[in-house]
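# Predicted model and sequence follow; I will ask about them next.
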Amino acid sequence: MEIILDRPRCEGHGLCEEVAPQLMHLDDEGELVLDVVHVNEDQLDAAKQAARVCPVAALRLA
Amino acid sequence: MRLERIVVVGNGIAGLTASDSLRAAGFDGELTIVGDEHHSPYSRPALSKAALLDAEEMTSHQLPDSTHDARELLGRRALQLDPDLKTVVLDDGSILPFDGLVIASGSRARRLAGADPAARKHELTLRTLEDALELRRRIADRPSVVVVGGGTLGMEIASGCLAAGCEVTLASHHQPMVQQLGPHLSEVFLAAGLSHGLKFAPSRAIGLREAGGHPLVELADGSTLAADLVVSAIGDIPNTDWLADSGLLTGGRLEVDSRGRVRPNIVAAGDVAAFPTSRGITRIPLWTSAIEQSKAAALALLNGDDAPELSFSPYFWTEQFGLSLKASGFLPLEGAPELLEGGPDGGPALMRWSHADGSGTAVALNYRTPIPKLRRLANPAPALVESPA
Ligand SMILES: Cc1cc2nc3c(=O)[nH]c(=O)nc-3n(C[C@H](O)[C@H](O)[C@H](O)COP(=O)(O)OP(=O)(O)OC[C@H]3O[C@@H](n4cnc5c(N)ncnc54)[C@H](O)[C@@H]3O)c2cc1C
Ligand code: SF4
């Protein structure tokens, strides 16, 4: 599975980072950086949770 | 006691997060979610922001599918709870037994119109997906709109209606956003609204009636405001009706302890619950608050006193009239801020307020900054105490 970020939609709330710091982080400019794009089985739950806490639905899995 | 059957009442973000957290913490028993909305959870914050502006189809509110593998009873409402028998009665007459219960029934919109159906049909509120679809449909014809309520939601709705091309008057006896953000930022937001064409009626709305097929909002100063459409955003009421005879309410409120518990086997989280904060026992009906409460409550249900207490640091954001604000720390803010970066009045700016209790609140206005940095600015970690050599 792949994490897809809708960048124009992302508002840099960083809630995703709080649940999945191993997969993504906000850089010094407040831009979200996906450290992992292709998630393996062990990372899938964290990725899904990150996508779900985002209040603007900027993250998707496909 | 090992829990085998957990029931979650409410299928919003609190119910969802609690269910996820129960699974993540290893609960592999029977999990049932009861929700009276027919949808799986979606983002409510998006409803008053991007969703009002989404071009063709509304998508901004959608959340990915859940992974908790619970039995979901959607479109069903819990009517009654018996904490001693450990049962929840549903509106179809069925009875759900539980060993553990999560109360996440959220809140609903307060309304201005009384019982008069003629007046009621003119008043929209914005809480659910259906409300948002209806509002989008109605503002597509560019009606004149009166928004009642100068809180965050009222201002976001006013902003969305203006962007859709409506003429918008906001009625509020408080200066807009002053209760949420304090006088300094309230000025900034009101000025932004006025510059976008918002009209402001500084009076309390006391009623709504119909006259000649149109709604009339009655103001406390005796005047009225006519419009094609009235949208009220005058606060929310916690959904505690179904708990009325459960014995769990204190003066009508559902109060939880520092781990989200009402009883050892019953926890509550989200907009429905009042929890202990450094400002007393209170509801904080916000998105991140619901998420943090739900995580703590799920662990407390499984692990009791061994679970960590809720340590909540408030996070608030809003978008309206071209302003985007993010705040970490307690609100509202008294007095003038310390300007850390940027310029005064409308930003972009990074600001900080200090509170009497030693804590602080950091605010980014049209200023992109990582939230962890905002949190650190609000409350810097205490300097490390040097241990004696
Ligand atoms: C338009 C809007 C914009 C917002 N914007 C922001 C924002 O920008 N930032 C922010 O932090 N917060 C915002 N909020 C607040 C935030 O959305 C809420 O704090 C959060 O959604 C609360 O989640 P919850 O799960 O506790 O409650 P809810 O989302 O209300 O979920 C409770 C669910 O339980 C159901 N239910 C109720 N009673 C029963 C019953 N007896 N049986 C079965 N089901 C029941 C309800 O129908 C509902 O589906 C906004 C809210 C709204 C309405
Ligand atoms: S939670 Fe959503 S908006 Fe916030 S940084 Fe993550 S993707 Fe962006």
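That came in fine, so what should we check first? Ligands and ions are numbered 1, 2, ... in the order given.
# so which strand or helix has the closest residue to B:Leu124 other than its chain neighbours?
Among residues not flanking B:Leu124 along the chain, B:Val231 sits closest, at 4.8 Å (Cβ to Cβ, 6 or more residues apart in numbering or on different chains). For the C-beta atoms, the positions are set from N, CA and C on the backbone; glycine is no exception. Assignment of secondary structure by DSSP states H and E places B:Val231 within strand B:229-232.
# Over to residue 50: give its phi and psi.
Since you didn't name a chain, this refers to chain A. phi -60, psi -40 (degrees, to the nearest 10).
# my bad, chain B
Here the main-chain torsion angles of B:Ala50 (degrees, to the nearest 10) amount to phi -60, psi -40.
# can you give me the helices in chain A?
Applying DSSP state H to chain A gives helices spanning A:15-19, A:41-53.
# Give me the residues contacting the longest one.
Going back to what we said before, that points to helix A:41-53. For helix A:41-53, contacts defined as Cβ atoms under 8 Å, 6 or more residues apart in numbering or on different chains pick out A:1, A:3, A:15-20, A:22-24, A:36, A:39, A:57, A:59-61, B:13, B:16-17, B:20, B:24, B:41, B:63-67, B:291.
# and those residues, which are buried?
Among these, those buried by neighbour count (16 or more other Cβ atoms under 10 Å in any protein chain shown) are A:3, A:15-20, A:23-24, A:39, A:57, A:59, B:13, B:16-17, B:20, B:24, B:41, B:63-64, B:66-67, B:291.
# Contacting ligand 2 as well, which ones from the residues you listed?
Filtering the buried ones among the contacts of helix A:41-53 for proximity to ligand 2 (criterion: Cβ under 6 Å from any ligand atom) leaves A:15-16, A:59.
# Now pLDDT too, for these, in CSV please.
Shown next, in CSV, are these (pLDDT from 0 to 100):
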residue, pLDDT
A:Leu15, 85
A:Cys16, 89
A:Leu59, 89
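# Please name the strands paired to the strand holding B:Val231 in the sheet, noting orientation.
strand B:123-124 (parallel), strand B:144-148 (parallel) (DSSP bridges).
# do you know how far the nearest residue to B:Ala290 once chain neighbours are set aside is from B:Pro264?
Nearest residue to B:Ala290 in three dimensions, chain neighbours excluded: B:Gly270, at 4.0 Å (Cβ to Cβ, 6+ apart). With the distance defined as Cβ to Cβ, to the nearest Å, B:Gly270 ends up 20 Å from B:Pro264.
# same check, this time on B:Glu72
When distance is defined by Cβ to Cβ, B:Glu72 is 26 Å away from B:Pro264.
# between these two, which one's more packed in?
The neighbour count for B:Glu72 versus B:Pro264, taken as other Cβ atoms under 10 Å in any protein chain shown, is higher for B:Glu72 (19 against 12).
# for the helix or strand harbouring the more buried one, packing partners?
Assignment of secondary structure by DSSP H and E places B:Glu72 within strand B:71-74. Using 3 or more Cβ pairs under 8 Å, 6 or more residues apart in numbering or on different chains; DSSP states H and E as the contact definition, the elements that strand B:71-74 packs against are strand B:30-35.
# So which residues make contact with the strand it packs on?
Contact with strand B:30-35 is made by B:4-12, B:15, B:19, B:22-23, B:68-78, B:88, B:90, B:96, B:98, as judged by Cβ under 8 Å, 6+ apart.
# Is there a quick ChimeraX command that grabs whichever of those are buried?
Selection of buried members from the contacts of strand B:30-35 for ChimeraX, criterion 16+ other Cβ under 10 Å:
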select /B:6,7,8,9,10,11,12,15,19,22,23,68,70,72,73,76,77,78,88,90,96,98
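# Could you look up the SS state of B:Gly304?
When the structure is reduced to helix, strand and coil (DSSP: H, G, I helix; E, B strand; the rest coil), B:Gly304 reads as helix.
# Give me the phi and psi angles of the closest residue to it other than its chain neighbours.
The shortest distance from B:Gly304 to any residue that is not its chain neighbour, by Cβ to Cβ, 6+ apart, is 6.6 Å, and that residue is B:Pro264. With angles defined as degrees, to the nearest 10, B:Pro264 sits at phi -60, psi -30.
# what's the distance between B:Pro264 and B:Asp92?
Look at B:Pro264 and B:Asp92: by Cβ to Cβ, they are 29 Å apart.
# count of neighbours near B:Leu85?
Here the number of neighbours of B:Leu85 (other Cβ under 10 Å) works out to 10.
# now B:Ala109
B:Ala109 has 18 neighbouring residues, counting by other Cβ under 10 Å.
# Show me which positions of whatever helix or strand comes next after the strand holding B:Val231 end up buried.
Following the chain from strand B:229-232 toward its C-terminal end, the next helix or strand by DSSP H and E is strand B:236-238. Going by neighbour count (16+ other Cβ under 10 Å), the buried part of strand B:236-238 is B:236, B:238.
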